[in-house]
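> okay, here's the prediction I keep looking at, along with the sequence it came from:
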Protein chains: 2
Amino acid sequence: MDKELDIFIDFLRERNLKLTSQREDILKVFLKIDKHLSVEELYDIVKKKNPRIGQATVFRTLKLLREAGFAGEVNLGDRCIRYEYKYGHKHHDHLICIECGRCIEVVDPKIEELQQILCKREGFSPQKHKMEIFGLCKACRKGSRKAK
Amino acid sequence: MDKELDIFIDFLRERNLKLTSQREDILKVFLKIDKHLSVEELYDIVKKKNPRIGQATVFRTLKLLREAGFAGEVNLGDRCIRYEYKYGHKHHDHLICIECGRCIEVVDPKIEELQQILCKREGFSPQKHKMEIFGLCKACRKGSRKAK
DNA sequence: CACCTAATTGATTTTGAATTTCAATATCAA
DNA sequence: TTGATATTGAAATTCAAAATCAATTAGGTG
C-alpha cells in the first residue's frame, strides 16, 4: 500500500534518512508476506524480486521498520528473531504449537487490562509486552492421541 | 539442598545417565545463586568452585537441568538465553526494566486463569507460557523524570 | 575389588545468526 | 549539477550455541 510507503518516507525524512529502491522493495515485500519472518527468510524472498540486495541491507531495513513501528519482534521458540507486520494490526499474543510450529494470534482484552493493573500495583510503567503460550494446537492434539 | 540432589539422581538413573562431580557441582551452584543466569555467567561462577570444569559441561548440564524441571528459560531482551531456578518455585512472569535491567517476578492468578480459558476457546492445549512486560521500573521512572 | 562398557568430559572446532566494516555508490537539498 | 552525507553489499567479525572426539570416569557385574 502506498499509505504505508508514505508513512515510511515521512519517518525517513524526519531522521534525515534516504529512501532507496532497496528500502522500498523490502518494505513492500514485508507488507505483502505478512508472516513471522526471520531476517534470512525475508532476504530469500526479497532476493527474488531484486537479486542485487544484500543480507545486510535487509537486516538494517528490518531494524528501521521496527523503529518506524511497522515491524515487531516475535520469539517462536526456535532460536532466531522473527518479525511480524505490526502497523495497522492490533496488538495480539501468540499460541505456538510445539509440534507443528503453527502460530495462532489471539487477544484477550481482560488479560490486557489485568496486565495494566498488575503493573500499576508494582509501580511499573509498561511499554510493551509479550505473551506466548506454548502447547499443542487442535490438530496436533488429535494427532498425538492417535500416536498413542 | 540434598532433596534436589536426590531428585536429580533419580532423574539421571531413569535415563541411564551418570552422576558426576561436575554435574553435582553445577547443580549446587545453580541452586544457590538463584538468578537469571546465562550459560557463560554460570560457567564463570562454577569455575571458581571447580576450575577444571569446562564450558561445554555447564552448557550440557544446564540442558539436563531444564529437562529435569529444575531450570527454565527466560528471555530478558538481551540476546542470550538465561536460565532461572524453577523447582519448588511457583510459576511467575516478569516485569523487565528496559533502563536498568531489573527484573521483577510477578504472578496474577486471574491472568493465569484467563489464559486457560483463552486456550480452551482455541482448542489449544497449553504446556507452558511466558509473559514478559517491558517498561520502566519505579526507580527508573523517577530517574527519567528528573532527566527531563 | 577389578573389569568392562557405555556415558562423560573438556579442549577445541564448528555453526549460524546478528552485527560491523569499508570502499564504492546513490540520494537529495541547494 | 554538485557535494555533503547516507547507503549499499560483499566480506569480515562477533559471539553464543552446539558438535566433535580422544581421553577419562562412573557404576553395574562377576
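In hand now; what should we look at?
> can you name the residue of chain A nearest DNA strand D?
DNA strand D sits closest to A:G54 of chain A, with a gap of 2.3 Å, by C-beta to the nearest atom of the strand. Bear in mind the C-beta positions are built from the backbone N, C-alpha and C, glycine included.
> A:I96: which element?
strand A:93-97 (DSSP states H and E).
> off-centre distance for that strand?
From the chain centre to the centre of strand A:93-97 is a distance of 13 Å (C-alpha atoms, centre = their mean, to the nearest Å).
> helices or strands up against that strand?
When contacts are defined as 3 or more C-beta pairs under 8 Å, 6 or more residues apart in numbering or on different chains; DSSP states H and E, strand A:93-97 packs onto strand A:103-106, strand A:125-136.
> give me the contact list for that strand.
Defining contact as C-beta atoms under 8 Å, 6 or more residues apart in numbering or on different chains, one finds that strand A:93-97 is touched by A:74, A:76-77, A:102-108, A:111, A:130-137, A:140, B:119, B:122, B:124, B:126.
> swap in stretch A:68-76?
The contact list for stretch A:68-76, computed with C-beta under 8 Å, 6+ apart, reads A:4, A:7-8, A:11, A:27, A:30-31, A:36, A:62, A:65-66, A:81-87, A:94, A:96, A:101, A:103, A:130, A:132, B:75.
> restricted to strands, list those.
Among these, the members found in strands (DSSP state E) are A:R82, A:Y83, A:E84, A:Y85, A:H94, A:I96, A:C103, A:K130, A:E132.
> buried subset of those?
A:R82, A:Y83, A:E84, A:Y85, A:H94, A:I96, A:C103, A:K130, A:E132 (16 or more other C-beta atoms under 10 Å in any protein chain shown).
> need the residues you listed in TSV (columns: pLDDT).
Shown next, in TSV, are these (pLDDT from 0 to 100):
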residue	pLDDT
A:R82	94
A:Y83	95
A:E84	94
A:Y85	91
A:H94	94
A:I96	92
A:C103	91
A:K130	91
A:E132	93
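> tell me the one among these nearest to A:T20.
Closest approach to A:T20 among those (C-beta to C-beta): A:Y83, at 19.4 Å.
> check contacts around the closest one.
Applying C-beta under 8 Å, 6+ apart to A:Y83 gives the contacts A:30, A:36-39, A:42, A:62, A:65-66, A:71-74.
> now those residues: which count as buried?
Using 16+ other C-beta under 10 Å, the buried members of the contacts of A:Y83 are A:F30, A:H36, A:L37, A:S38, A:V39, A:L42, A:L62, A:L65, A:A71, A:G72, A:V74.
> which of the residues you listed fall in helices?
The helices, defined by DSSP state H, take in A:F30, A:V39, A:L42, A:L62, A:L65 from those.
> and the gap between the first one and chain B?
For A:F30, the distance to chain B equals 22 Å [C-beta to the nearest C-beta, to the nearest Å].
> now do the contacts for that residue.
Contacts of A:F30 by C-beta under 8 Å, 6+ apart are A:L37, A:L42, A:L62, A:L65, A:F70, A:A71, A:Y83, A:Y85.
> give the closest residue to the second one in space, chain neighbours not counted.
Leaving aside its chain neighbours, A:L42 sits nearest to A:V58 (5.7 Å; criterion: C-beta to C-beta, 6 or more residues apart in numbering or on different chains).
> number of residues surrounding that neighbour?
Residues within reach of A:V58, counting by other C-beta atoms under 10 Å in any protein chain shown, total 25.
> quickly find the element holding it.
helix A:55-67.
> any part of that helix near DNA strand C?
Yes: Helix A:55-67 lies within reach of DNA strand C by C-beta under 7 Å from any atom of the strand, at A:Q55, A:A56, A:F59, A:R60, A:K63.
> now A:H91. Its backbone dihedrals?
phi -60, psi 140 (degrees, to the nearest 10).
> mind listing what it touches?
Contacts of A:H91 (C-beta under 8 Å, 6+ apart): A:V107, A:E112.
> over to A:H92?
Listed by C-beta under 8 Å, 6+ apart, the contact partners of A:H92 are A:E105, A:V106, A:V107.
> next, it: phi, psi?
The phi/psi pair for A:H92 (degrees, to the nearest 10) is phi -150, psi 160.
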